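Asks: Sequence first, predicted coordinates after that:
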Amino acid sequence: MDHFTAIENAWLEPPQSLAEAVYSCELCNEAVCAGDFYIELDGLIICIDCLDSLTARELAVEVLNNKITAAG
Ligand SMILES: [Zn+2]
């Protein structure tokens, strides 16, 4: 199962707790609570767990909407 399939599956599960949620992660939909680390990329809130598991390719293509092109 690739990473984005895992994210898609996680997306369908309800968040564990919204009690102290400040944001929710755009990729896994987990709550980002007070004190949790996150990054804001191009307006998207991404939790530190997703950030750690993204490849550079996924970050560039899936998150930042860059395109991979062939040279020449
Ligand atoms: Zn996440």
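Replies: Here it is on my side, so go on.

Asks: Tell me where the chain has helices.
Replies: 3-12, 48-53, 56-58 (DSSP state H).

Asks: got the contact list for the second one?
Replies: Contacting residues not belonging to helix 48-53 are listed as 3, 7, 25, 27-28, 30, 36-39 [C-beta atoms under 8 Å, 6 or more residues apart in numbering]. Every residue, glycine included, has its C-beta placed from N, CA and C.

Asks: Who wins on neighbours among those?
Replies: For the contacts of helix 48-53, neighbours were counted using other C-beta atoms under 10 Å, and Leu27 has the most, 25 neighbours in all.

Asks: quick one: Asn66 and Arg57 touch, right?
Replies: No. Between Asn66 and Arg57 there is no contact under C-beta atoms under 8 Å: 9.6 Å.

Asks: quick one on the thing from earlier: and which of the contacts of helix 48-53 is nearest Gly72?
Replies: His3 (29.9 Å; C-beta to C-beta).

Asks: With adjacent residues omitted, what lies nearest to that closest one?
Replies: Once flanking residues are discounted, His3 sits nearest to Ser53: 6.0 Å by C-beta to C-beta, 6 or more residues apart in numbering.

Asks: neighbours around the nearest residue to Leu41 once chain neighbours are set aside, how many?
Replies: Leaving aside its sequence neighbours, Leu41 sits nearest to Val63 (C-beta to C-beta, 6+ apart; 5.7 Å). Residues lying near Val63 (other C-beta under 10 Å) number 18.

Asks: Done for today, thanks.
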